[in-house]
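Peer 1: got a predicted structure plus its sequence, pasted below:
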Amino acid sequence: MKSVLVLCTGNSCRSQIAEGYLRQFAEGKAEIYSAGVETHGVNPRAIATMKEDGIDISEHTSNNIEEYRGIDFDYVITVCDNAKERCPFFPTTAQKFHQNFPDPAKATGTEKEIMVQFAAVRDQIKEYTREFVNQYILMPDPDE
C-alpha cells in the first residue's frame, strides 16, 4: 500500500484539507498522513469548509513532521512554499511534489468573505488531490 505525506507550515488548513480529500479519493488504497514544520491545531474554518463538502476532518490532529521520521513515504506533497523551503531533510525515497495553495487562514473580511476564500482554496485542493490519486494511487501498477 502506498503512503502519502502532505506537508504545510502549521498543519492547520491546507494540509488538513488535502489529507481529507486524499483519504476520500484513495478509497483505502493508500495510507495518508499530514504534518507541518510547526503545529497550529486544526483550523475550525477548515473543518467547517470540509463539512460543507461532506468530509469530516474534526478528528484530525495537527502533527509535526518530526513524528514521521521513521516512515519511508512513497510520496511527499508540499502544499505551501514555506513548508517546501523549511522542510527538514529526512531520509526517504519518496517522490516529491509541490503545489503552492493560498493560505486561507490569512483571509480577511467578514466571516462570509473569509469562508468564501476557504471554499475557493478547498476547491483547488480538491481538484489537485483528485488528479493526484487518479494518477499515482488508483492507476494499476505495471509491476503487479
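Peer 2: Everything's here; your move.
Peer 1: which SS state does residue 42 fall under?
Peer 2: coil (DSSP: H, G, I helix; E, B strand; the rest coil).
Peer 1: contact partners for it?
Peer 2: Residues near residue 42 by C-beta atoms under 8 Å, 6 or more residues apart in numbering: 11, 12, 16, 57, 58, 60, 61, 62. Placement of C-beta: from N, CA and C, glycine included.
Peer 1: tell me the two of the residues you listed that are most distant?
Peer 2: Farthest pair in the contacts of residue 42 (C-beta to C-beta) is 11 and 58. Separation: 14.9 Å.
Peer 1: dihedrals phi and psi, residue 132?
Peer 2: For residue 132, the backbone dihedrals (degrees, to the nearest 10) come out as phi -60, psi -50.
Peer 1: so where's the protein shaky on pLDDT?
Peer 2: Of all residues in the chain, those with pLDDT under 70 make up the ranges 83-91, 140-144.
Peer 1: can you pull out the helices in it?
Peer 2: Under the criterion DSSP state H, helices of the chain are mapped to 14-26, 44-52, 81-86, 111-132.
Peer 1: re earlier: show me which of the contacts of residue 42 are buried.
Peer 2: By neighbour count, with 16 or more other C-beta atoms under 10 Å, those hold 11, 12, 16, 57, 60, 62 as buried.
Peer 1: got the residues you listed as CSV, with distance to residue 104 columns?
Peer 2: As requested, the buried ones among the contacts of residue 42 are exported to CSV (distance: C-beta to C-beta, whole Å):
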residue, distance to residue 104
11, 14
12, 10
16, 11
57, 14
60, 16
62, 15
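Peer 1: go through these and flag which are in strands.
Peer 2: Among the buried ones among the contacts of residue 42, DSSP state E puts none in strands.
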